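Colleague: 3D, please:
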Amino acid sequence: MALELADGTKGEAHVVAADEQLDLALVETALKGPPLVIASAGELASGDTVMIAGAPMGLERTFHVGAVSNPRRVLLDVCYLQVDARVNHGNSGGPVLDARGHAVAVVSMKEEEAEGIGFALPLDYAFEGERPLMPPPSWHPTQGFTAMLADVEREDERLLEESKRLPMRVVKAVFAGGSQIVAAVVTMSALEPTGILDFRLEQQEHTICSVSAPARWQKSSPDRGLGKRTNEWMNRMGMGSVYAGAALLQVGSCQFQKDVPIQLILREGDEKLNRLTL
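Modeller: Residues are numbered from 1 along each chain as shown. Sure thing, here's the model as predicted:
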């Protein structure tokens, strides 16, 4: 691959090792330049200053200053730095520096629907695993990074427990005319789901009626981003794949009270959690 340094010097680089799960790679080049000092992201706290270098929207050598919003944001089975520095397309792979100018992380992704919510992968991960991307330095692992890994383990356990309580979840429902409700549900399964879905509708904590309907399912197969990583994580955890389904509920016989909120409850798993307000 082609490489260009900040002073305009051009050369070639090649990949030495890569970790697809982390979306992190180690590349090597014959070009010479002053190296960045690597430090642990586990030493940062909320509010600490960070700096991001990159090429957002193709604008090379762009420098942003921000702060750590959350030093231990667990997404799936990785603990990230959540930063409020402006992250845009082209920042990915750029270094995150602490207040001393030491590299602590690389920009990984951002929340597409919001500004100022970016996620950076701690460089500590490059020293982890049976075949680390780089030889671990003497200070690795730090106490802070060990705490990050412990957070990941706890979150994995929580998600697995929640998947048992809510094997299927209703995520959205809208009226389609006065006598039908379209309910969207998601589930995790190794095979395409089958069978009838059962729902209850409540007003003021009283059951108004019960309805059942089959759902039409589609397997979620994202090929990039967080969706792809979610599927890969689920497969590693033995949870199967994500399926999204839509059920058309006939509610013309239900006697609803006017101007009173309606609760739709999916009778699968924990009914106290598996409900939403229409």
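Colleague: Please make it C-alpha for all contacts and neighbour counts, starting now.
Modeller: Will do.
Colleague: what residues does the worst-scoring helix or strand of the chain on mean pLDDT touch?
Modeller: One helix or strand of the chain scores below all others by mean pLDDT, DSSP states H and E: helix 225-236, with a mean of 72. Here helix 225-236 makes contact (Cα atoms under 8 Å, 6 or more residues apart in numbering) with Q21, L76, D77, S221, P222, G240, S241, V242.
Colleague: downstream neighbour of that helix in the secondary structure list?
Modeller: strand 241-250 (DSSP states H and E).
Colleague: Okay, angle between that next one and helix 225-236 too, please.
Modeller: 100 degrees (axes from the mean of the first three to the mean of the last three Cα atoms, to 10 degrees).
Colleague: and the next helix or strand after strand 241-250, which strands flank it?
Modeller: Next in sequence after strand 241-250, counting helices and strands by DSSP H and E, comes strand 263-266. Strand pairing for strand 263-266, determined by DSSP bridges: strand 196-203 (antiparallel), strand 275-277 (antiparallel).
Colleague: Distance check, G116 against M51.
Modeller: 13 Å (Cα to Cα, to the nearest Å).
Colleague: How about M134?
Modeller: M134 is 23 Å from M51, by Cα to Cα.
Colleague: Find residues that contact each of G116 and M51.
Modeller: A85.
Colleague: and these two? which has more neighbours close in?
Modeller: Neighbour count, other Cα atoms under 10 Å: between G116 and M51, M51 has more, with 21 against 18.
Colleague: What is the neighbour count of the closest residue to that one other than its chain neighbours?
Modeller: Counting by Cα to Cα, 6 or more residues apart in numbering, M51 lies nearest to V65, which is 4.5 Å off, once chain neighbours are set aside. Using other Cα under 10 Å, V65 has 17 other residues around it.
Colleague: Note down every partner strand of the helix or strand where V65 lies and its orientation.
Modeller: Here V65 is covered by strand 62-75, with elements defined by DSSP H and E. Using DSSP bridges, strand 62-75 pairs in its sheet with strand 49-54 (antiparallel), strand 78-83 (antiparallel).
Colleague: so where's the chain shaky on pLDDT?
Modeller: 223-227 (pLDDT under 70).
Colleague: Could I get the full set of helices for it?
Modeller: Here the chain has its helices, by DSSP state H, at 143-165, 225-236.
Colleague: closest one to I38 among those?
Modeller: helix 143-165 (13.8 Å; Cα to Cα).
Colleague: Could you quantify the relative orientation of that closest one and strand 78-83 as an angle?
Modeller: Using the same axes, to 10 degrees: helix 143-165 against strand 78-83 is 110 degrees.
Colleague: Please export the C-alpha coordinates of helix 143-165 as PDB.
Modeller: What follows is helix 143-165, C-alpha atoms only, in PDB (Å, rounded to 0.1, in the frame of the first residue of the first chain):
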ATOM      1  CA  GLN A 143      -4.500  -1.500  36.200                       C
ATOM      2  CA  GLY A 144      -6.800   0.600  34.200                       C
ATOM      3  CA  PHE A 145      -6.800  -1.700  31.200                       C
ATOM      4  CA  THR A 146      -7.300  -4.700  33.400                       C
ATOM      5  CA  ALA A 147     -10.400  -3.000  34.700                       C
ATOM      6  CA  MET A 148     -11.600  -2.400  31.100                       C
ATOM      7  CA  LEU A 149     -11.300  -6.200  30.400                       C
ATOM      8  CA  ALA A 150     -13.300  -6.900  33.500                       C
ATOM      9  CA  ASP A 151     -16.000  -4.600  32.300                       C
ATOM     10  CA  VAL A 152     -16.200  -6.500  29.100                       C
ATOM     11  CA  GLU A 153     -16.600  -9.800  30.900                       C
ATOM     12  CA  ARG A 154     -19.400  -8.400  33.000                       C
ATOM     13  CA  GLU A 155     -21.200  -6.900  30.000                       C
ATOM     14  CA  ASP A 156     -20.900 -10.300  28.100                       C
ATOM     15  CA  GLU A 157     -22.500 -12.000  31.100                       C
ATOM     16  CA  ARG A 158     -25.300  -9.400  31.300                       C
ATOM     17  CA  LEU A 159     -26.100  -9.600  27.600                       C
ATOM     18  CA  LEU A 160     -26.200 -13.400  27.700                       C
ATOM     19  CA  GLU A 161     -28.500 -13.300  30.700                       C
ATOM     20  CA  GLU A 162     -30.800 -10.800  29.000                       C
ATOM     21  CA  SER A 163     -31.000 -12.900  25.900                       C
ATOM     22  CA  LYS A 164     -32.400 -15.700  28.100                       C
ATOM     23  CA  ARG A 165     -35.000 -13.400  29.600                       C
END
